[in-house]
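[1] got a sequence here, can you build the structure:
(one chain, ligands or ions: 1)
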Amino acid sequence: MKSNKLGGRRAKVKEDIASKKTPPNLDVETLPDKKARSLKITSLFQARYGTPECPLTFRTVEQLAVAVILSAQCTDARVNQVTPALFDRFPDMVRLAEASLPELEKLIFSTGFYHNKAKNIQKLAQILARDYNAKNPKDFDVLVTLPGKGRKTANVIMSEGFGEAPGVTVDTHVKRVAFRLGFTQSENPTVVERDLMALYPKSVWRVLPLYLIFHGRETCHARKPQCGVCIIKELCPSAKLFLAESPASP
Ligand code: SF4
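    Numbering: from 1, shown residues only. Presented below is the predicted three-dimensional model:
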């Protein structure tokens with residue numbers, strides 16, 4: 001009876017961690033211990049993923065901005081299938097600003113949400129062509145105000161387009177993996193970003209989200225994390241809970 005209750009509670013906590021309601025219990029971990037753990041984790045990621053490149057294909061920062069808009073709710077592979085024809089037809093912001101919405105929608109249709117994406121791409125191109133000499137400004141505070149942007153997109157453009165990371169890009173994978181690792185207790189991307197920035201030195205702000213994204217896609221899946229084969233399971237406070245419920249999981 002007692003063990004059933006315990007099993008039920010474990011299952012509930014596991015479910016909560018998976019759905020990001022309850023963070024793993026890290027009450028006993030001090031900040032220096034957490035920082036040391038986080039650095040060990042990045043070392044293992046570095047050994048696994050090396051120095052990762054941006055998975056989106058682009059030739060200019062402006063093309064990157066368009067690709068990032070297209071990547072919302074869409075895989076990078078799909079975006080990379082669509083952008084060659086789009087950028088052949090409209091290679092710069094001046095020509096993209098003059099594109100008709102129906103033609104844009106047709107070119108980006110397979111990335112989903114194409115009505116909104118086409119409008120945002122057209123508006124972005126028009127603003128850049130009119131106010132910024134058809135270039136993306138190298139200014140995070142301006143980038144977050146442009147159509148289709150926000151902190152996530154502005155961070156990607158600054159880090160992958162300009163080689164400077166003023167913050168940490170937070171997407172759904174970053175949020176989930178950071179939560180399971182006990183690096184944040186929040187689901188709010190701005191808070192998650194702040195927590196990661198406090199934990200990690202600036203030198204890793206660019207690669208950290210790429211590591212977490214690759215790890216989230218490869219191993220720490222939303223529904224069924226593969227803790228049994230996870231390269232950082234010894235350093236992850238959620239591993240025991242997931243493994244307790246699925247001991248044979250890969
Ligand atoms: S052990 Fe690995 S796969 Fe499992 S929750 Fe932790 S990071 Fe995710």
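[2] contacts for the helix or strand hosting residue 194, please.
    Using DSSP states H and E, residue 194 sits in helix 189-199. Helix 189-199 is touched from outside by 34-35, 38, 151-152, 155, 167-170, 174-175, 178-179, 183-186, 205, 208, with contacts defined as C-beta atoms under 8 Å, 6 or more residues apart in numbering. Bear in mind the C-beta positions are built from the backbone N, C-alpha and C, glycine included.
[3] please parse the chain into its domains.
    Recorded structural domains for the chain (assignment: automatic domain parsing) are 27-52+168-245, 61-161.
[4] wait, does the first one contact the ligand?
    Yes. Applying C-beta under 6 Å from any ligand atom, one finds that domain 27-52+168-245 is in contact with the ligand at 177, 180-181, 219-220, 225-227, 230, 232-233, 236, 238-239, 242.
[5] quick one, helices of this structure?
    2-18, 31-49, 61-70, 76-89, 93-97, 101-108, 114-131, 140-143, 151-156, 172-180, 189-199, 207-218, 239-245 (DSSP state H).
[6] for those, which one sits closest to residue 162?
    helix 61-70 (6.7 Å; C-beta to C-beta).
[7] any buried residues in stretch 29-49, and which?
    34, 37-38, 41-42, 44-45 (16 or more other C-beta atoms under 10 Å).
[8] mind saving the C-alpha coords of that stretch as PDB?
    Output of stretch 29-49 as PDB, limited to C-alpha atoms (Å, rounded to 0.1, in the frame of the first residue of the first chain):
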ATOM      1  CA  GLU A  29      22.300  22.600  -4.000                       C
ATOM      2  CA  THR A  30      24.200  25.800  -3.400                       C
ATOM      3  CA  LEU A  31      24.800  28.300  -6.200                       C
ATOM      4  CA  PRO A  32      28.500  27.400  -6.500                       C
ATOM      5  CA  ASP A  33      27.600  23.700  -6.800                       C
ATOM      6  CA  LYS A  34      25.000  24.500  -9.400                       C
ATOM      7  CA  LYS A  35      27.500  26.500 -11.400                       C
ATOM      8  CA  ALA A  36      30.100  23.700 -11.200                       C
ATOM      9  CA  ARG A  37      27.500  21.200 -12.300                       C
ATOM     10  CA  SER A  38      26.400  23.500 -15.200                       C
ATOM     11  CA  LEU A  39      30.000  23.800 -16.500                       C
ATOM     12  CA  LYS A  40      30.500  20.000 -16.300                       C
ATOM     13  CA  ILE A  41      27.300  19.700 -18.400                       C
ATOM     14  CA  THR A  42      28.600  22.100 -21.100                       C
ATOM     15  CA  SER A  43      31.900  20.200 -21.200                       C
ATOM     16  CA  LEU A  44      30.000  17.000 -22.000                       C
ATOM     17  CA  PHE A  45      27.900  18.900 -24.600                       C
ATOM     18  CA  GLN A  46      31.000  20.300 -26.100                       C
ATOM     19  CA  ALA A  47      32.600  16.900 -26.400                       C
ATOM     20  CA  ARG A  48      29.300  15.600 -28.000                       C
ATOM     21  CA  TYR A  49      28.400  18.500 -30.300                       C
END
